[in-house]
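K.L.:
Give the three-dimensional model of this entry:
(one chain, ligands or ions: 1)
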Amino acid sequence: MSLYHEAAGILSGPSSHGGSLKSRVFGNKDKDKDKELKSPPAAVYALALESSKWSPVLKEVIESAQLLQKERKLTPVLAVLLVHDFLVAKGGIALPQTHGLRAAVERHKARLTSEFTRARLRRKCSSVDALRHLVEADARTGPVHPRWIRVNTLKTTVDDQLETTFVGWDVVPTVQDVIRAATESPPKRVLCLDGHIPNLIAVPPGPVFDFAKADAYKTGALILQDKASCFPAYLLDPRPEEGDIIDACAAPGNKTTHLAAILAERGAFGSESAPAGASAPRQNKKKQKQRQKIQGQSEQSTIFAFEKDKHRAQTLDSMVKLAGSDGVTIVHPGHDFLKADPAAAQFRNVRALLLDPSCSGSGIVGRDDAPELYLPADASAPNPTTPTGTKEKYNKKRKRPQASTPNDENSSKPLPQLVGDDGETFTVLSSDAELRARIAALAAFQLSLLQHAFSFPAARRVTYSTCSIHAGENEHVVLAALASPAARTDGWRLLARADQPRGMRDWPVRGDAAACAGDEAVADACVRANRDDGRGVMGFFVAAFVRDALGLDGEKKEGEGEDGPFVRDDDGRIVRDQHGIPTLKATGDKAVTVDEFYGVEDDDEDDDSSDSDSDDSDSGSDEDEGEEDSDGPFARDAHGRVIRDGAGLPTLKSTGRTVQLGGGGGADEWGGFED
Ligand SMILES: C[S@@+](CC[C@H](N)C(=O)[O-])C[C@H]1O[C@@H](n2cnc3c(N)ncnc32)[C@H](O)[C@@H]1O
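P.N.:
Numbers count the residues shown, from 1 in each chain. Coordinates of the predicted model:
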């Protein structure tokens, strides 16, 4: 089957079964062997995406040239794909000259070309390039997001890059200037040096910076990484002299390599490795250090990077090598962090852990990546339906699909979609109750990882982050972690805003106080990033925990979080109930409900504790649950108890199956939203 037929199949398939275009193309693998793509998925994706972007123009051209009337074998989708390549792609139609599909288009070369010129002039574009810019601008589905580029200081410096890759570009003061420049036609070559994260640059999205062709990108000197995704490594603030670091959920390796770059700036590789003049540490030196490290002969930090998924671990390995951080990184491919033994000699010097577990991915920008497809009127269909065959305006703005929330009142809205944070797996949820159940299951998994991180004996600092917008995966997990026996035993508390590195201290968007049961100090210690708020970032959350007794330098610092959010007795001990759950100072209520504490959100018990879930955009309240379903989303036995499988996963009433994660399900899939 040709590339064109495969792309047509993807674009014609019911999107409700496929999530994003990316999911539909790349998620094909392993699901149904018969449906596996024969063409390279990247080629299918690029063709489908670009043709969709151009489809408002192509629809006009095809209809005016009456192509479908003259070539009855062509379907509207195939016509758009073929005419796209014929008119716009550099290499033309990727089929042999004698191929019937190619001939069916090229027979009409003169007419198609002249209609294309007319369509361009109607849009007042003096050149095809100008039209290209217009198409790109029209294809954007929402607010403009800059392209964030981390300058990898293991290989280069910002100054080097300003003199090479970005020579001739204008430096503008704010990211808003970059966003403005992106909407101009043609977009301007401007960049902004970020004021919060060192070595981070924002440039306009789209073709103004063709990163795929930039040498610095190909060699790992520049890394595409959203600003918010740089928060965790920066907040963890690793220092080579302090000891080793674990990146618990590492693939594809953005944060692992960021950690390595920070360590290198602080002398982790010794003076010969400093990137002055963009010289990377020599490979043999790095290998030597890695060996020394493993043998326990070096005083320098090592990053242990865990990745449960073997396939993704390969990506991690490649990225670590490309970024030049393999000298300080030991990848544990296919290793479940939860199975790492905190008491093992290898980890005795682990002082800091970065925890960026699988999550719902609800904060990711650009997930709904397919622009609307405009199809020419089908010659054989008398009543074409929208968007096909109607006189849609070519620049009609599409509605950006909103991340659905459990409390959406309008039941006629599309069903909520929850897409994993890997861009590949996806799940279409059939009800708000399933969304809540999924968030609860993810939260349970995230909390278990956090508690495991707390148990490393020498650990003093842990960052916890997600690219989720749901309080259930964020503030609620933080509260549950603070209330957990692991935190209680080992004295973990939140790193107060005042003690965070400057960029994080200055970052204005903080945790949701309502989701922190009204505790402003806890909310202030949490860092959020909101997408579409004009700051050009994805939806993100991060918080740092430090050990109560030790602090970073082994001493409790004055004013460092005072004595935390919980009520204490006269001896300074946190007051807890029989479950070990502490009481919040701010409200006098329990920090979490018993069910939240044990990681599953249901109404199994009569809960008189405060429901910290007053955020109506997140995981819902008991009241909502009661309204739509008197005893919640899970199946119950004759005694009203939630039915669970051997791994404790509850069974959903709606499907009769245990909570499914990432399309797989079961206890082993708790990390199923792989990224
Ligand atoms: C959100 S992604 C991490 C992204 C990464 N930190 C980065 O910035 O490039 C989560 C990753 O954790 C992995 N993972 C999930 N559960 C895990 C576990 N128990 N142990 C190790 N890795 C796990 C997933 O396979 C996925 O690759």
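K.L.:
Could you pull up the residues touching F116?
P.N.:
Counting by C-beta atoms under 8 Å, 6 or more residues apart in numbering, F116 makes contact with V57, V61, L87. Every C-beta, even on glycine, is put in place using the N, C-alpha and C of the backbone.
K.L.:
what does the stretch 301-450 of the chain put close to the ligand?
P.N.:
F306, E307, K308, D309, R312, D336, F337, L338, D356, P357, S358, D421 (C-beta under 6 Å from any ligand atom).
K.L.:
Look at L435 and tell me its secondary structure.
P.N.:
The local conformation at L435, judged by DSSP: H, G, I helix; E, B strand; the rest coil, is helix.
K.L.:
Which residue is the nearest non-sequential neighbour of the closest residue to the ligand within the stretch 101-250 of the chain?
P.N.:
Ranked by C-beta to the nearest ligand atom, the top residue of the stretch 101-250 of the chain for proximity to the ligand is C249, at 2.9 Å. Leaving aside its sequence neighbours, C249 sits nearest to P357 (C-beta to C-beta, 6 or more residues apart in numbering; 4.8 Å).
K.L.:
give me every residue that touches the one you found.
P.N.:
A248, C249, F445, Q446, L449, T466, G671.
K.L.:
hang on, the fourth one in a helix?
P.N.:
Just to be clear, that refers to Q446. Yes: assessed with three-state DSSP, Q446 lies in a helix.
K.L.:
Export the helix or strand harbouring S318 to PDB, keeping only CA atoms.
P.N.:
Taking DSSP states H and E as the definition, S318 sits inside helix 310-322. Taking Å, rounded to 0.1, in the frame of the first residue of the first chain, the C-alpha atoms of helix 310-322 are listed here in PDB:
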ATOM      1  CA  LYS A 310      13.300  -1.000  27.500                       C
ATOM      2  CA  HIS A 311      12.400   0.700  24.200                       C
ATOM      3  CA  ARG A 312      12.300   4.100  25.700                       C
ATOM      4  CA  ALA A 313      15.600   3.400  27.600                       C
ATOM      5  CA  GLN A 314      17.300   3.100  24.200                       C
ATOM      6  CA  THR A 315      16.100   6.600  23.400                       C
ATOM      7  CA  LEU A 316      17.400   7.700  26.800                       C
ATOM      8  CA  ASP A 317      20.700   6.100  26.100                       C
ATOM      9  CA  SER A 318      21.000   7.800  22.800                       C
ATOM     10  CA  MET A 319      20.100  11.200  24.200                       C
ATOM     11  CA  VAL A 320      22.500  10.900  27.100                       C
ATOM     12  CA  LYS A 321      25.300  10.100  24.600                       C
ATOM     13  CA  LEU A 322      24.300  12.800  22.100                       C
END
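K.L.:
For the helix or strand just after it, the averaged confidence score.
P.N.:
The first helix or strand that comes after helix 310-322 along the chain, using DSSP H and E, is strand 329-333. On average, the pLDDT along strand 329-333 is 97.
K.L.:
what does stretch 160-172 give?
P.N.:
Per-residue scores along stretch 160-172 average to 97.
K.L.:
Just the terminal-to-terminal distance for it.
P.N.:
Taking C-alpha to C-alpha, to the nearest Å, the first and last residues of stretch 160-172 lie 18 Å apart.
K.L.:
neighbouring contacts of that stretch?
P.N.:
151, 178, 181, 188-193, 201, 203, 214-216, 221-222, 277-278.
K.L.:
which of those residues count as buried?
P.N.:
151, 178, 181, 188, 190-193, 201, 203, 214, 216, 221-222, 278 (16 or more other C-beta atoms under 10 Å).
K.L.:
just those now: which is nearest R510?
P.N.:
Proximity of these to R510 (C-beta to C-beta) peaks at C192, which lies at 22.9 Å.
K.L.:
Low-confidence stretches in the stretch 151-300 of the chain?
P.N.:
Within the stretch 151-300 of the chain, the stretches with pLDDT under 70 are 269-299.
K.L.:
What are the boundaries of the strands in it?
P.N.:
170-171, 190-193, 200-203, 222-224, 244-247 (DSSP state E, counting those that start in this stretch).
K.L.:
Could you dump those strands into JSON lines with distance to the ligand added?
P.N.:
Listed next are the strands of the stretch 151-300 of the chain as JSON lines, based on distance: least, C-beta to the nearest ligand atom, whole Å:
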{"stretch": "strand 170-171", "distance to the ligand": "27"}
{"stretch": "strand 190-193", "distance to the ligand": "22"}
{"stretch": "strand 200-203", "distance to the ligand": "14"}
{"stretch": "strand 222-224", "distance to the ligand": "10"}
{"stretch": "strand 244-247", "distance to the ligand": "7"}
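K.L.:
That'll do, ta.
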